[in-house]
Structure formats: structure tokens, C-alpha cells
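**Q** show me how the following folds:
(one chain, ligands or ions: 2)
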Amino acid sequence: MSSADPAAARPRRFLPAGPLTGRIRVPGDKSISHRSIMLGALAVGETRVTGLLEGEDVLSTAAAMRAMGATITRETDGTWSIHGVGVGGLLQPSQALDMGNSGTSTRLLMGLVAAHAITATFVGDASLSQRPMGRVIDPLAQMGADFTASPGGRLPLTMRGAAPAVPIEYRLPVASAQVKSAILLAGLNTPGITTVIEPVPTRDHSERMLRGFGAELTVEVERDGTRIIRLRGEAEFRPQRIVVPGDPSSAAFFVVAGLIVPGSDLVIENVGLNPTRAALFDVLRQMGGQIEELDRREVGGEPVADLHVRHSALTGITVDPAVVPSMVDEFPILFVAAALAQGRTVTSGLEELRVKESDRISAMRAALALAGATVTETEDGLIIDGTGGEPLPGTPQGARVTTHLDHRIAMSLAVAGLASRAGVEVDDTRPIATSFPVFEGLLEGLVAA
Ligand SMILES: O=C(O)C1=C[C@@H](OP(=O)(O)O)[C@@H](O)[C@H](O)C1
Ligand SMILES: C=C(OP(=O)(O)O)C(=O)O
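**A** Ligands and ions are numbered 1, 2, ... in the order given. Sure, this is the predicted structure:
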């Protein structure tokens, strides 16, 4: 990936801007896009996908599935066509699988390889090579796969899958949709029933889509909310037509920009509002944010609406740690909203943020402090004392916030720049292309409208 070369970094100062007005449509959901390609690659026949996110992370998944036998093409109208190999039909890749910056690609594909007689090496960029893979190595080793990993259970790693693999019952020790999905994907080509016990619910796109492709999957919810997910292996997949809804995690940047830049009034169309993803919008409403849902409907089996956002006076709150899994990627941009709110915002239960593309607690503390916000870091969160709507001072001339190859840090600080006096200078905008290649273009369109 290009962003591996620090000499080629693309810094940018995001300047204060007038109101954001107009209508935009954000690209397809990243989680659903990854899964569309992976599951399509396991169906015999043609799966057609519209609205696929064409970000670097998803393209890494597509390249890996091609390397293991699927035929994946983009048509001129933007529809993606996938001809799969059948469940159990993946082929030995001839080279290492380059996962770029993408944790989802790595962990879910490790699950797929685990139940095939395949040896595969996974490599990634400097950020991904720091992230823990032990959380998927443990259950997949119980299913019979064998691993040689870098110290700390990190990339590069080589794994030998097992065929047949052994079905397991596994209780998730961390709230992680990636770990859950890795085990379920391994279970697809495993005889018998694979069971994942999920004490804290996480995004459920895998469950929805596995069923859609024809897998026999049940979810039992216990009194305390624990979910028991059972999947019957050796499934036969039917190819699907998939319409990918807009990514709420991408919409989040424009929702917060609209709330904090005075005079803003914008509509973000086609935003996925799966309840396991949409907690940010509820938290922002609790802070006083005016976010209205228009035309609630279903797209591709997921709830979707257009969001009408207006500039609002925000008030700091204590965020309930129970909502963390349903907005796990949205904390960096929530911190920006909190920095502009009246009073104190307290967040906790965010340990998982320390093992994302960067340590997002410490990266956001450092970045917001450099931009002039009042931020305190705790073991598992940030405490932010907001300006009460006054613009942030911005980064001093010659100083840049460090994004650590993390797209969400870069976009969050870009939004902070809009609501600052001197602008916010970001050290490298290239990582934005991993999840939201058209982010800068959409932003420019809204401030110019
Ligand atoms: O399953 C997925 O598509 C994802 C799950 C989350 O990761 P964890 O499972 O590590 O929390 C999230 O942070 C990531 O952006 C996408
Ligand atoms: C954590 C993220 O992605 P991944 O784990 O796939 O790298 C993200 O997109 O914020």
C-alpha cells in the first residue's frame, strides 16, 4: 500500500469553513462490503453487488478472494460481479495475502482459511502489523488450524488450515464482531454445529448475511442479553443480489461536522441504521444534536434513513459504556463533538480502542490537545471539557497532528479543523482512502454549496 512510505505522506491543513449545506450520499458500508465479497466468493454462480465500498480495505479483501480462486470484476456502472468457488472450494494462494491496513479482512479471512486445506501467509502495513491476532488464533487453533505468527500473535503470520476442521463452542472473551465472524466463517466448511456465545452483542451483519446466502444459523437470546449463535456447517450457498447501504461510520463525520459548524443544514442520504451500529446518533441526540431521520426504509435487509442534520448547541454527557460496541469506530469523531460541547463529556469502557488502526484513545488525546482542546486520558477513555461552541484554537503553525496510519483519526481532525480558528493540520491524509476515498471531495462540495 502507498501509505507504507512515510516519505510520501500527504499532509493537509483543514481550514475553518462556513456552514455545511446541501445533500450528500456516503459510500457503502465497509463491514457489509467485505462480507459481500467473501460470501459471494463462496457461492456457486454469480453474486451481484451494488453500492460496494471501493475503499482500499475492501479492495484488499477482493484481491485475497481472487488469489484463492474467486472471479471478481467491476462493471462500468459500478456493479460488482462475483463468481464463487462453493463452500469449501477455496484454492491455495500462490503468494502472501496482503491485507494492507484492514483488520476485518485479516481476521475474517483467517477464519475462512482455517477450515480449508490451505497454507496462507498474511502480511499488512505497519499499523496492521501491530494489531493482536491472538484473539482469532486461539479459537481457530481449537478448530484445528496451525499458526506461525510474529511475536505477540501479530502479522506477518502463516497459517495451515484444517480439513475437516472441528466444530467448537466458543465464548467470546472480547466484544468483537471480527472474532465472532472469523469463527462463523470457519464453521461454514466444518461438519456439525459451530457455536459462538456472545455476552455483549456486536454488529450482526455476518449473521444476517450468512442466513441470506442460505446457511442454517440460529440466534438464541438469553435473559441477560447473551446471544448464542449456532451455525450448521457444510452449507450450500445460493448467489445473491446485494444492495449495500451507506456506511453509518462514514456518515458520522458529516453528522458531527453539521452539528458543530454554525449555520449548517444538510441531508446525508441512505445511511445504514442497523441498531448494532447506530448508537452514535442517539448519543449525539442526548447531547442536544438535531438529527432527524427521514424516509426510514429497508435496503439490502438493513434499516436505512436519510439524516437531516442542523447546527446545534451540544452539551457534554457521560456516555454509557454499554453502547460502546454499537459505536466502537465512532469515538474519535464523538470526541470532536465533545470538544465543542458545553461542559464535560466522560467516556469509559473503551479498552478496545487501543488496538484499532492506532491507539485511538491516546492518538485523539494528543491530536485534540494540539488543536487546543481540554482533554484528559484515563485507562479506558477520555474526559473532555468542551468550549461551549467556541471554535478550537487549531494547531500552531508548523505543528501537525499525528494520524498513525489511522483513517478515522485523520477524518476526525479534518472535521475539528472546520470548527477551529487557525485550522488543523493533519500529517497524512492518505489513510482516508482505506474506508472513505471520496471524503475530501464530499467535504469540499458541502462547504462550497
Ligand atoms: O466486523 C467488522 O466488520 C468490524 C468490527 C469492529 O472490529 P472489532 O470486531 O475488532 O471490534 C470494527 O471496529 C471494524 O471497523 C469492523
Ligand atoms: C477498526 C476499523 O477497521 P479494521 O479493524 O477493519 O481495520 C475501522 O474501520 O475503524
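**Q** what sits against whichever residue of the chain sits closest to ligand 2?
**A** Nearest residue of the chain to ligand 2, counting by CB to the nearest ligand atom: G103, 2.7 Å away. Heads up, the C-betas are built off the backbone N, CA and C, glycines and all. G103 makes contact with L128, R131, Q178, K356, E357, according to CB atoms under 8 Å, 6 or more residues apart in numbering.
**Q** give me the pLDDT value at the most far-flung residue of the chain relative to its centre.
**A** Relative to the centre of the chain, and counting by CA atoms, centre = their mean, the farthest-placed residue is Q397 at 32.2 Å. We note a pLDDT of 95 for Q397 in this prediction.
**Q** secondary structure element for the closest residue in space to it that isn't next to it in sequence?
**A** Distance criterion CB to CB, 6 or more residues apart in numbering; nearest residue to Q397, sequence neighbours excluded, is A422 at 7.7 Å. Here A422 is covered by no helix or strand, with elements defined by DSSP states H and E.
**Q** isn't A422 right up against T395?
**A** Yes - counting by CB atoms under 8 Å, T395 is a contact partner of A422 at 7.0 Å.
**Q** so between those two, which is more surrounded?
**A** Between A422 and T395, counted using other CB atoms under 10 Å, the more crowded position is T395 (24 against 18).
**Q** mind checking the SS state of that one?
**A** coil (DSSP: H, G, I helix; E, B strand; the rest coil).
**Q** give the contact list for it.
**A** With CB under 8 Å, 6+ apart, T395 has these contacts: R13, L370, A371, G372, V401, A422, G423, V424, E425.
**Q** of those, buried ones?
**A** Among those, the ones that count as buried by 16 or more other CB atoms under 10 Å are L370, A371, G372, V401, A422, G423, V424, E425.
**Q** what's in contact with stretch 129-144?
**A** Residues outside stretch 129-144 that contact it (CB under 8 Å, 6+ apart): 103, 106-107, 110-111, 114-115, 123, 147, 149-150, 152-157, 159, 161-162, 164-168, 170, 173-174, 176, 178-179, 182-183, 186-187, 190, 194, 355-357.
**Q** quick one, phi psi at the closest residue to L443 other than its chain neighbours?
**A** Among residues not flanking L443 along the chain, A414 sits closest, at 6.9 Å (CB to CB, 6+ apart). Backbone torsions for A414, taken as degrees, to the nearest 10, come to phi -60, psi -40.
**Q** re the thing from before, any of the contacts of stretch 129-144 buried? List them.
**A** 103, 106-107, 110-111, 114-115, 123, 147, 149, 153-155, 157, 159, 161-162, 164-165, 167-168, 170, 174, 176, 178-179, 182-183, 186-187, 190, 194, 355-357.
**Q** among the residues you listed, which ones lie close to ligand 1?
**A** S176, Q178 (CB under 6 Å from any ligand atom).
**Q** from the buried ones among the contacts of stretch 129-144, which ones fall inside helices?
**A** Secondary structure assignment by DSSP state H places G103, T106, R107, M110, G111, A114, Q178, V179, A182, I183, A186, G187 of the buried ones among the contacts of stretch 129-144 in helices.
**Q** what residues are up against the last one?
**A** If I follow you right, that is G187. By CB under 8 Å, 6+ apart, the contact list for G187 reads A115, M143, P167, I193, T194, L231, G233.
**Q** can you check M411 too?
**A** The neighbourhood of M411, defined by CB under 8 Å, 6+ apart, consists of F253, P332, I333, I432, F436, F439.
**Q** which one of those residues is nearest E46?
**A** Of all the contacts of M411, E46 sits closest to F436, with 28.1 Å by CB to CB.
**Q** ok, which stretches of the stretch 1-150 of the chain are strands?
**A** Using DSSP state E, counting those that start in this stretch, the strands of the stretch 1-150 of the chain run over residues 12-14, 21-25, 46-50, 71-74, 80-83, 97-98, 119-123, 146-150.
**Q** turn those strands into JSON lines, including mean pLDDT.
**A** Listed next are these as JSON lines, based on pLDDT from 0 to 100:
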{"stretch": "strand 12-14", "mean pLDDT": "98"}
{"stretch": "strand 21-25", "mean pLDDT": "97"}
{"stretch": "strand 46-50", "mean pLDDT": "98"}
{"stretch": "strand 71-74", "mean pLDDT": "98"}
{"stretch": "strand 80-83", "mean pLDDT": "98"}
{"stretch": "strand 97-98", "mean pLDDT": "98"}
{"stretch": "strand 119-123", "mean pLDDT": "98"}
{"stretch": "strand 146-150", "mean pLDDT": "98"}
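**Q** columns distance to ligand 2 on top of those, output as JSON lines?
**A** Listed next are the strands of the stretch 1-150 of the chain as JSON lines, based on distance: least, CB to the nearest ligand atom, whole Å:
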{"stretch": "strand 12-14", "distance to ligand 2": "19"}
{"stretch": "strand 21-25", "distance to ligand 2": "19"}
{"stretch": "strand 46-50", "distance to ligand 2": "18"}
{"stretch": "strand 71-74", "distance to ligand 2": "19"}
{"stretch": "strand 80-83", "distance to ligand 2": "19"}
{"stretch": "strand 97-98", "distance to ligand 2": "14"}
{"stretch": "strand 119-123", "distance to ligand 2": "13"}
{"stretch": "strand 146-150", "distance to ligand 2": "17"}
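**Q** could you dump those strands into TSV and include distance to R208?
**A** As requested, the strands of the stretch 1-150 of the chain are exported to TSV (distance: least, CB to CB, whole Å):
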stretch	distance to R208
strand 12-14	36
strand 21-25	22
strand 46-50	15
strand 71-74	21
strand 80-83	18
strand 97-98	26
strand 119-123	26
strand 146-150	29
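**Q** for the stretch 301-449 of the chain, which residues are neighbours of ligand 2?
**A** Residues of the stretch 301-449 of the chain lying close to ligand 2 (CB under 6 Å from any ligand atom) are D329, K356, E357, R408, S435.
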